[in-house]
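**Q** this is a predicted model, with the sequence first.
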Amino acid sequence: MFASLDPGQAQGREITVEMAMAKASEKLRASVGVDALDPYVRGSIEQSIASVYLHLGKLDAAAPHVHDALRLLEDNGLTETAVFIEALGDLSALSRAHRDGQADLQASRRAVELSRRVHGDDHQITLAQMNMLAGALNHLGRFDESIAMHQQVYEARLRRFGEHSLQVIQARVNIGITAYWQGNFPLAEQHFEQCLRIAQAIHIERHPLVLNCLAVNGSLMESMGRHEEAEALLGRHIAIAGEVLGLEHPDVLRSMHNLADTYRGRGQLIQAAELFLETLALRQRVLGPDNVETLQTHMKLARVYRLQGAFNEAATHINQAESGMVDKLGAAHPSTLTARNESANLLSAQGQYDAAGREYAELLRLREAAFGPQSGELIETLAHIAMVKLKQAHASQGVAYLQRALTIARQQDGYRQSEVDVIVQHYLEHLKASGETEMWTALKKLATS
């Protein structure tokens, strides 16, 4: 079965896990007598191959094994087994990678229900599937439900394994990610830093779970405007994860994308564009041109080109990002709205203020409906409406939008948005030059409080 992987035949080639899995997969599908295997045994083999491919980030290779394992086990009445539950977890992970939130939720919910019935509430397999379900809820924006479930898993694992354990590290990472998505940056930072401290104490800094903590902590620093710390963390993740997981693993590509955005935040636009282009080429090849993460790199590259004044290049990339996200996620999805916001930014940068103003107003309406009137998701749109008003010589109208943006930002722990700061500075200069002392004073107080 593995003759070509023998060192004598490999002739110096590096034998990788992926090569072994590919050979196993090929043999499993080609074997004449494979159907004679016990269904549970064959289902276990299919699930094991799928799981390895998922950890390698090889989604297309994993998919047929996930579906074959589930079909084989279900057809033979083997649903109340650990292998079937784990295969459901693989389906959840595969669906999440493809941004299919409902399929993710359905698979993970069924896995939890089955595991509770088969293993009990506090069994390790049940807790692992609860983590998957909490992640599915998080990706659907149901943050309160998600963080409550992650907290439940954390407490159960803490009782069973103790603080210095890989299981507790994973639980902390998941709480941190959900807090990050909620905009609770201090709580997220607390959990990420504790994960890294525990990992160092028990000498597992190169474990994939710890590397994930390192990566999301770097992303968090970038979101908080702490670009120097972000660059160090993301660079470290790329170096170590590149060795452990491979340079084309989706986690490594995600950190490359975030590092490029960190360069953009530091004003290093040439470096940002170069790294975004490299990441885009890799994501197109590894994940596919229509994958949401590939589309996100198109969107961020468009932003860099806009800041460089390369408007034609920016339009090409943002149009591809926005249309692709509408097709994959729907017009009202938060990622689609972010792409639409960048389209409006491009219109504004080109001096098309009326068209930009209409886009921002519609975006504000959609984001208020989706997230509520006090969400941090509104800050950037409100600030951009204010900037358009200033360009249209309607600064007195724009001040109200900018004040609302700053008021919401004050309620977001750890929030920092350099682009909003720039717009505030433009307003302060304009109001001072115009002799609008009362408005200048009020805005200055709000901006510095």
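**A** Right, received. Where do you want to start? In this text the structure is predicted, and so the values were computed from the model without any measurement.
**Q** drop to CA atoms for contacts and neighbour counts, all remaining ones
**A** Will do.
**Q** give the full set of residues in contact with Gln190.
**A** Contacts of Gln190 were listed using C-alpha atoms under 8 Å, 6 or more residues apart in numbering, and they are Gly176.
**Q** let me know the pLDDT of the closest residue to Thr297 other than its chain neighbours.
**A** Nearest residue to Thr297, sequence neighbours excluded (C-alpha to C-alpha, 6 or more residues apart in numbering): Leu280, at 5.9 Å. Looking at Leu280, its pLDDT stands at 98.
**Q** cool, Leu140 as well?
**A** Leu140 is assigned 84 on the pLDDT scale.
**Q** using PDB, write out every CA atom in stretch 184-195.
**A** The C-alpha trace of stretch 184-195 is given here as PDB (Å, rounded to 0.1, in the frame of the first residue of the first chain):
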ATOM      1  CA  ASN A 184     -14.600  42.800  24.300                       C
ATOM      2  CA  PHE A 185     -10.900  43.300  23.600                       C
ATOM      3  CA  PRO A 186      -9.700  43.300  27.200                       C
ATOM      4  CA  LEU A 187     -11.300  39.900  28.000                       C
ATOM      5  CA  ALA A 188     -10.000  38.500  24.800                       C
ATOM      6  CA  GLU A 189      -6.500  39.700  25.500                       C
ATOM      7  CA  GLN A 190      -6.600  38.300  29.000                       C
ATOM      8  CA  HIS A 191      -7.500  34.800  27.800                       C
ATOM      9  CA  PHE A 192      -5.000  34.800  24.900                       C
ATOM     10  CA  GLU A 193      -2.100  35.900  27.100                       C
ATOM     11  CA  GLN A 194      -3.000  33.300  29.800                       C
ATOM     12  CA  CYS A 195      -3.000  30.600  27.000                       C
END
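**Q** which parts of it are buried?
**A** Going by neighbour count (16 or more other C-alpha atoms under 10 Å), the buried part of stretch 184-195 is 184-189, 191-193, 195.
**Q** mean confidence (pLDDT) on that stretch, please.
**A** Averaged over stretch 184-195, pLDDT sits at 93.
**Q** any idea how far that stretch is from the chain center?
**A** 16 Å (C-alpha atoms, centre = their mean, to the nearest Å).
**Q** outside of the helix or strand where the residue nearest to Thr297 lies, which residues touch it?
**A** Leu280 is part of helix 269-286, with elements assigned from DSSP states H and E. The contact list for helix 269-286, computed with C-alpha under 8 Å, 6+ apart, reads 248, 250, 253, 256-257, 260-264, 289-291, 293-294, 297-298, 300-301, 304-305, 307-308.
**Q** show me which residues of that helix are buried.
**A** Neighbour-count burial for helix 269-286, counted by 16+ other C-alpha under 10 Å, picks out 269, 271-273, 275-277, 279-284, 286.
**Q** how far is it from where the chain is centred?
**A** 17 Å.
**Q** Ser115 and Thr126 touch, don't they?
**A** Yes: Ser115 is within contact range of Thr126, at 5.2 Å (criterion: C-alpha atoms under 8 Å).
**Q** just to revisit the earlier point, are any of the contacts of helix 269-286 buried, and if so which?
**A** Neighbour counting with 16+ other C-alpha under 10 Å marks 248, 250, 253, 256-257, 260-264, 289-291, 293-294, 297-298, 300-301, 304-305, 307 as buried within those.
**Q** so is Gly435 in a helix, a strand, or just coil?
**A** Per DSSP: H, G, I helix; E, B strand; the rest coil, the secondary structure class of Gly435 is coil.
**Q** now do the contacts for the residue lying closest to Ala302 once chain neighbours are set aside.
**A** The shortest distance from Ala302 to any non-neighbouring residue, by C-alpha to C-alpha, 6+ apart, is to Ala314 (4.1 Å). Going by C-alpha under 8 Å, 6+ apart, Ala314 touches 301-306, 346.
**Q** those residues in helices, which ones?
**A** Residues from these lying in helices, with DSSP state H as the criterion: 301-306, 346.
**Q** still on that earlier bit, could I get the buried residues of helix 269-286 as TSV with distance to Asp100?
**A** As requested, these are exported to TSV (distance: C-alpha to C-alpha, whole Å):
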residue	distance to Asp100
Leu269	33
Gln271	33
Ala272	30
Ala273	30
Leu275	28
Phe276	25
Leu277	26
Thr279	23
Leu280	22
Ala281	24
Leu282	22
Arg283	19
Gln284	19
Val286	19
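**Q** just these now: which is nearest His430?
**A** Lowest distance from His430 to the buried residues of helix 269-286 (C-alpha to C-alpha) belongs to Leu269, with 27.5 Å.
**Q** separation between the closest one and Glu229?
**A** Per C-alpha to C-alpha, to the nearest Å, Leu269 is found 18 Å from Glu229.
**Q** Glu278 too?
**A** In terms of C-alpha to C-alpha, Glu278 sits 22 Å off from Glu229.
**Q** quick check, nearest of the buried residues of helix 269-286 to Asn138?
**A** For these, the minimum distance to Asn138 (C-alpha to C-alpha) is 23.9 Å, reached by Arg283.
**Q** CA atoms only: put whatever helix or strand Ala241 lives in into CSV for me.
**A** Ala241 belongs to helix 227-244 when assigned by DSSP H and E. Extracted C-alpha coordinates of helix 227-244, given in CSV (Å, rounded to 0.1, in the frame of the first residue of the first chain):
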residue,chain,number,x,y,z
HIS,A,227,0.6,47.4,15.3
GLU,A,228,4.2,46.8,16.6
GLU,A,229,2.9,44.1,18.9
ALA,A,230,0.8,42.7,16.1
GLU,A,231,3.7,42.5,13.7
ALA,A,232,5.8,40.6,16.3
LEU,A,233,3.1,38.1,17.1
LEU,A,234,2.0,37.4,13.5
GLY,A,235,5.6,37.2,12.3
ARG,A,236,6.4,34.7,15.0
HIS,A,237,3.3,32.7,14.1
ILE,A,238,4.1,32.5,10.4
ALA,A,239,7.7,31.4,11.2
ILE,A,240,6.7,28.6,13.7
ALA,A,241,3.4,27.5,12.0
GLY,A,242,5.1,27.4,8.7
GLU,A,243,7.4,24.8,10.1
VAL,A,244,4.8,22.9,12.0
